[in-house]
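Engineer: show me the folded form of this:
(2 chains)
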Amino acid sequence: MAERLEAKHRGGTALAARKVEYGDNDDPEEICFQRGWADGLPVTPPTDVRVLRMLSGTKRRPDETIGKIPPYLADCTIEKVAINAVLAGCRPEYMPVLLAALEAALEPVFTLHGVLATTYFSSPIIIVNGPVARRIGMNSGLNALGQGNRANATIGRALNLIVQNVGGGRPGEADRATLGAPSKYTLCFAEDESDPEWEPLSVSRGFPRGASTVTLFQGHGVEAVVDQKSRTPEGLSRSIGSSLVKIGHTRLTQSARAVFVLSPEHYAIYREAGWDRKRIERALYEVTIRPGREILAGADGIGEGVPASRADEMVPKFHEDGLMVVRAGGRAGLFSAILPGWLAGRNRLELQPVTKQIRE
Amino acid sequence: MTNWLRDPTAETSSLKRARRAPPPSLAGLTVGLFDIGKTRSDEFFNRVEKRFVERGLKVKRYGKPTNSKVATPENVQKVADEADVVVIGLSD
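Structural biologist: Numbers count the residues shown, from 1 in each chain, chains lettered A, B, ... in the order given. Model (predicted):
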């Protein structure tokens, strides 16, 4: 109501973004498509009332500049974030999460320009930790990587719309993806922190327990990992490793980072054996180190692989810190999931995931 | 127009200019009649011109040779310079 009155009596003067007028006979959703503001799915038309309401979700000033959005390095204000959040279908209480995700994406080491422009499948993947996830109703359980949860769906979508609309990163233009991936619409979920013995991703990345954070990863998804028969942590790790080495190509060692989404039933095998996050991540790193001679370029007429000079080396698939395990999923199903990283991840120091605390 | 949305972009491309409000009255204005070049446009415009003149309006005739090509900028600018309102005609 307050936003409606403000829009009516102040004519939206609190807003700086220019007005795009349309006629009484025009459909505002169609205007959004015609202007190129959508991602292929319908968006919510950004009226003054909706934008003002979205801005009520943050204490930050609408005219504050949050950074320059690649690829065309346009200044982005909090108000522009709010307008795109409206387009995406966010609720105002998602704004702090979205703003933290955008700040993480703008860290130089995230290389957002490259993630957008690459011919590969990648886009920003958002993982949320801490009390904010429960407060805004995010899904970390059944179908956590799928459709159906508004916060999961729209926060990820809003970030991609900001890059498209403010940064100018349009598919087929600066976005040069050969095939793309459904995850380029949105891939955002929360970690299951229901087990107090489990170290959340945010804590493993240096933030205090109880802090709300976003972690951004350059990747795509989802690739299934099925093992319904292994019952020991060692066997399960080797089994998962046999899927992890296939990322991109079984002989490639370029896709050097991945998120491994560990489901409750697979986690139970580790938990009963007393394995914690560090031990699982270390085991998965070790089981994906292979003799160079097994993945040589040219063998069997397959061009991909490591050069013959590495035949006697033990070649890791991932960087030592390249695997991030995140717990999520429904209680039934001995399935987990891989979210493969961007191929450019081979440059460990140039390209890294980024975690930011959420300021509410 | 009283409806608008807020621009989610960096506003680096121009907005289409809003349509001008029509004049409250045609009194004292010059009406341009622009023939787009369809085969019987002249019959239509001859009648329209007759009716406007009967009402005491000043009329100027314009046109382009064929409907298959767009008006040149010079042509459009000449109309904008000399006429206050324009009727653009189509007739087969």
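Engineer: where's A:D312, which helix or strand?
Structural biologist: Under the criterion DSSP states H and E, no helix or strand holds A:D312.
Engineer: tell me the phi and psi of it?
Structural biologist: Backbone torsions for A:D312, taken as degrees, to the nearest 10, come to phi -90, psi 0.
Engineer: what sits against it?
Structural biologist: Shown in contact with A:D312 (C-beta atoms under 8 Å, 6 or more residues apart in numbering or on different chains): A:292-293. C-betas here are computed from N, CA, C, even on glycine.
Engineer: separation between it and A:L296?
Structural biologist: 11 Å (C-beta to C-beta, to the nearest Å).
Engineer: against B:T12, how distant is the residue in chain A positioned nearest to chain B?
Structural biologist: Scanning chain A for the residue nearest chain B gives A:A74, at 3.3 Å (criterion: C-beta to the nearest C-beta). Going from A:A74 to B:T12 by C-beta to C-beta gives 7 Å.
Engineer: out of those two, which sits in the busier spot?
Structural biologist: More crowded of A:A74 and B:T12, by other C-beta atoms under 10 Å in any protein chain shown: A:A74, with 18 against 9.
Engineer: how about the contacts made by that one?
Structural biologist: So A:A74 contacts A:68, A:166-168, B:10, B:12 (C-beta under 8 Å, 6+ apart).
Engineer: out of the residues you listed, flag the one nearest to A:P316.
Structural biologist: Checking those against A:P316 with C-beta to C-beta, the nearest one is A:G167 at 34.3 Å.
Engineer: what's the spacing between that closest one and A:R150?
Structural biologist: In terms of C-beta to C-beta, A:G167 sits 24 Å off from A:R150.
Engineer: neighbour count winner among the two?
Structural biologist: A:G167 (23 against 15).
Engineer: pretty sure the more buried one sits against A:D75.
Structural biologist: No. Assessed by C-beta atoms under 8 Å, A:G167 is found out of contact with A:D75, at 10.5 Å.
Engineer: need the residues of the stretch 151-300 of chain A near chain B, please.
Structural biologist: Residues of the stretch 151-300 of chain A lying close to chain B by C-beta under 8 Å from any C-beta of the partner chain are A:161, A:165-168.
Engineer: re the thing from before, give me the common contacts of A:G167 and A:D75.
Structural biologist: A:69, B:10.
Engineer: who's the residue sitting nearest the centre point of chain A bridged to?
Structural biologist: Taking C-alpha atoms, centre = their mean as the criterion, A:I125 is the residue nearest the geometric centre of chain A, at 0.8 Å. Beta-bridge partners for A:I125, by DSSP bridges, are A:F217.
Engineer: please name the bridge partners of A:N129.
Structural biologist: A:N129 forms beta bridges with A:T213, as assigned by DSSP bridges.
Engineer: with that, I have no additional questions.
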